[in-house]
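J.: Need coordinates for the following:
(4 chains)
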Number of protein chains: 2
Amino acid sequence: MTTTNSLGYEELGSAAQRDRRKRILDATIALASKGGFDAVQMRAVAERADVALGTLYRYFPSKIHLLVSGLAREFEQANSNFDRRPIPGDTPHERVMYVLGRTTRSLQRDPNLTEALTRAFMFADASVANEIHVVGMHVTKLMIRAMQDQESPIEDIVPTEDDIAIAKVIGDVWLSSLVQWVTGRASAQDVSKSMDVAVRLLLR
Amino acid sequence: MTTTNSLGYEELGSAAQRDRRKRILDATIALASKGGFDAVQMRAVAERADVALGTLYRYFPSKIHLLVSGLAREFEQANSNFDRRPIPGDTPHERVMYVLGRTTRSLQRDPNLTEALTRAFMFADASVANEIHVVGMHVTKLMIRAMQDQESPIEDIVPTEDDIAIAKVIGDVWLSSLVQWVTGRASAQDVSKSMDVAVRLLLR
DNA sequence: GGAAATTCTAGAACGTGTTTCTGTTTTGGG
DNA sequence: CCCAAAACAGAAACACGTTCTAGAATTTCC
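T.: Predicted coordinates for the structure are as follows:
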């Protein structure tokens, strides 16, 4: 395995280390939210998190690892809501659009942060595979959950091959649209419309 | 308009300038093909193209502009074939898969080059809008062409709203898949499978 | 053909991601 | 408690994208 991992929350021994990790990610998110990808400068993150530059690199082997790890944490927090309540809507189409709409709006509320995280995600190479995989799983799971009947408990869900395939395609389109939005090549409306079209075509 | 354009082939006055531009793009493609995104270093491109660094930046205002312009040229060359012969296949599905299969295989034959061009494309921001648009048009047009009846001449084709939407969705999925492939997160087979699923779902 | 404007060259210089080095602090096992 | 190992701080140094400057070469225009 040639992947160079970020230090995960669980494999950090002491409380001081978990705290450092948290401070680093907090600083990352704060800087990203203020000025986007370019504002997340490693020296600035280190200073703000009150750690040395070398320490920052011990925890996250590159700026991309750092940002993608930040994305994973944000995504987890933001979507924990969907795990509790059933997703409103009578059809898979409606429910998927509901989830996409909510999440997209939430992302668009903090454009700088979204820009930073999305670009890091798209720029990540194989060495970031683990961190990327975490995020990808979140997305796919969320889509599949929205497609299922909301009455049955989560554990009982056995998605078909097609369900998974559809969920992945929707995820791909979503990501492409977001990239176009954060890079200023598409408007927020364009994103909604793209997603609507894709979901309409896929879930029928 | 805040976009900083690359100097296009047509708006270059003298033959010497067109030749410089060509040398620069040739050097870019050669370096990319040899070592991928990281190997396309501006100093190396300038040296290989036998121009000064400042001149390189006069022709292409950033590394991303340079690579996306290279992508546009490559795409144009590689796909001029499809404009001449009719695309084989009895159904839109078959024809689109034929085009995607051929193009994807051709990209996978030169992984370093594909990696360099794809990552540049994904990282491009609004200032590269013009160059990006050229590439996007190529893709969409190619998809639409594959979806149409191959008997009728190209000029007569009037794609429906839905055709365009579908073409764009396929383009998005294709791009996402390629990104996953160049970043080592998906195999060549995964790309084929993704595309097959997406096309099957969309063209039915 | 000559002057002015533009383009090009060569190279220094700057900013930020990344690496490396040295010395100090913290940690964990005996 | 002590010591070796690991982790950390602080700072210098390096790499590459990008910018800037001064002068040489080329083009444009009268």
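
J.: only C-alpha atoms for contact and neighbour calcs from this point on.
T.: Noted.

J.: pretty sure residue A:182 is touching residue A:111, no?
T.: Yes. With contact defined as Cα atoms under 8 Å, residue A:182 reaches residue A:111; the gap is 7.2 Å.

J.: More neighbours: which of those two?
T.: Between residue A:182 and residue A:111, counted using other Cα atoms under 10 Å in any protein chain shown, the more crowded position is residue A:182 (24 against 18).

J.: ok, the more buried one to residue A:203 distance?
T.: Relative to residue A:203, residue A:182 is positioned 26 Å away (Cα to Cα, to the nearest Å).

J.: Next, the buried residues of the helix or strand where residue A:67 lies.
T.: For residue A:67, the host element (DSSP states H and E) is helix A:63-84. In terms of neighbour count (16 or more other Cα atoms under 10 Å in any protein chain shown), helix A:63-84 has its buried residues at A:63, A:64, A:65, A:66, A:67, A:68, A:69, A:70, A:71, A:72, A:75.

J.: Quick one: residues contacting residue A:26.
T.: Applying Cα atoms under 8 Å, 6 or more residues apart in numbering or on different chains to residue A:26 gives the contacts residue A:49.

J.: Now with 10 Å, please.
T.: When contacts are counted by Cα atoms under 10 Å, 6 or more residues apart in numbering or on different chains, residue A:26 touches A:20, A:32, A:45, A:48, A:49, A:70.

J.: Repeat that for residue A:162.
T.: Residue A:162 neighbours (Cα under 10 Å, 6+ apart): A:168, B:197, B:201.

J.: Find the nearest non-adjacent residue to the last one, please.
T.: Looking back up the chat, that one is residue B:201. residue A:202 (6.0 Å; Cα to Cα, 6 or more residues apart in numbering or on different chains).

J.: Compute the distance between that neighbour and residue B:89, please.
T.: Noted for residue A:202: a distance of 23 Å to residue B:89, by Cα to Cα.

J.: after the strand or helix carrying residue A:173, next one along is what?
T.: Element membership of residue A:173 [criterion: DSSP H and E] is helix A:161-182. Next in sequence after helix A:161-182, counting helices and strands by DSSP H and E, comes helix A:188-202.

J.: what packs against that following helix?
T.: Contacts defined by 3 or more Cα pairs under 10 Å, 6 or more residues apart in numbering or on different chains; DSSP states H and E place helix A:188-202 against helix A:92-108, helix A:161-182, helix B:161-182, helix B:188-202.

J.: quick check, stretch A:25-44 touching DNA strand D?
T.: No. Using Cα under 7 Å from any atom of the strand, stretch A:25-44 stays clear of DNA strand D, coming no nearer than 9.1 Å.

J.: Just the pLDDT at residue A:74, thanks.
T.: Here the pLDDT value assigned to residue A:74 is 92.

J.: wouldn't it be in contact with residue A:29 here?
T.: Yes. Using Cα atoms under 10 Å, residue A:74 is in contact with residue A:29, at 8.8 Å.

J.: which neighbours do those two share?
T.: By Cα under 10 Å, 6+ apart, the residues touching both residue A:74 and residue A:29 are residue A:117.

J.: Kindly reformat the contacts of residue A:26 as TSV containing distance to residue B:107 and secondary structure.
T.: Output for these, formatted as TSV (distance: Cα to Cα, whole Å; DSSP: H, G, I helix; E, B strand; the rest coil):
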residue	distance to residue B:107	secondary structure
A:20	43	helix
A:32	34	helix
A:45	38	helix
A:48	43	helix
A:49	43	helix
A:70	32	helix
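
J.: which of these lies closest to DNA strand C?
T.: Lowest distance from DNA strand C to those (Cα to the nearest atom of the strand) belongs to residue A:45, with 8.5 Å.

J.: what's near enough to touch the closest one?
T.: Contacts of residue A:45 (Cα under 10 Å, 6+ apart): A:23-32, A:39, A:51-53, A:56, A:63.

J.: ok, now with 7 Å
T.: Residue A:45 sits next to A:24, A:27, A:28 when contact means Cα atoms under 7 Å, 6 or more residues apart in numbering or on different chains.

J.: For stretch A:100-117, which residues meet the burial criterion?
T.: So stretch A:100-117, judged by 16+ other Cα under 10 Å, has buried residues A:100, A:101, A:104, A:107, A:108, A:111, A:112, A:113, A:114, A:115, A:116, A:117.

J.: What residues does residue A:110 make contact with?
T.: Here residue A:110 is in contact with residue A:33 (Cα under 7 Å, 6+ apart).

J.: so what's it scoring on pLDDT?
T.: 95.

J.: mind checking how far it is from chain B?
T.: Relative to chain B, residue A:110 is positioned 17 Å away (Cα to the nearest Cα, to the nearest Å).

J.: coming back round to it: can I get the helix holding residue A:173 in CSV, CA atoms only?
T.: Provided in CSV are the C-alpha atoms of helix A:161-182 (Å, rounded to 0.1, in the frame of the first residue of the first chain):
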residue,chain,number,x,y,z
GLU,A,161,-27.4,-3.5,-8.1
ASP,A,162,-29.4,-0.9,-10.0
ASP,A,163,-30.1,1.2,-7.0
ILE,A,164,-26.4,1.4,-6.2
ALA,A,165,-25.6,2.2,-9.8
ILE,A,166,-28.1,4.9,-9.9
ALA,A,167,-26.9,6.4,-6.7
LYS,A,168,-23.4,6.5,-8.0
VAL,A,169,-24.4,8.2,-11.2
ILE,A,170,-26.4,10.8,-9.3
GLY,A,171,-23.4,11.4,-7.1
ASP,A,172,-21.2,11.8,-10.2
VAL,A,173,-23.5,14.3,-11.8
TRP,A,174,-23.8,16.2,-8.5
LEU,A,175,-20.1,16.4,-8.1
SER,A,176,-19.6,17.6,-11.6
SER,A,177,-22.3,20.3,-11.1
LEU,A,178,-20.8,21.4,-7.9
VAL,A,179,-17.4,21.7,-9.5
GLN,A,180,-18.9,23.9,-12.2
TRP,A,181,-20.5,26.0,-9.6
VAL,A,182,-17.5,26.6,-7.4
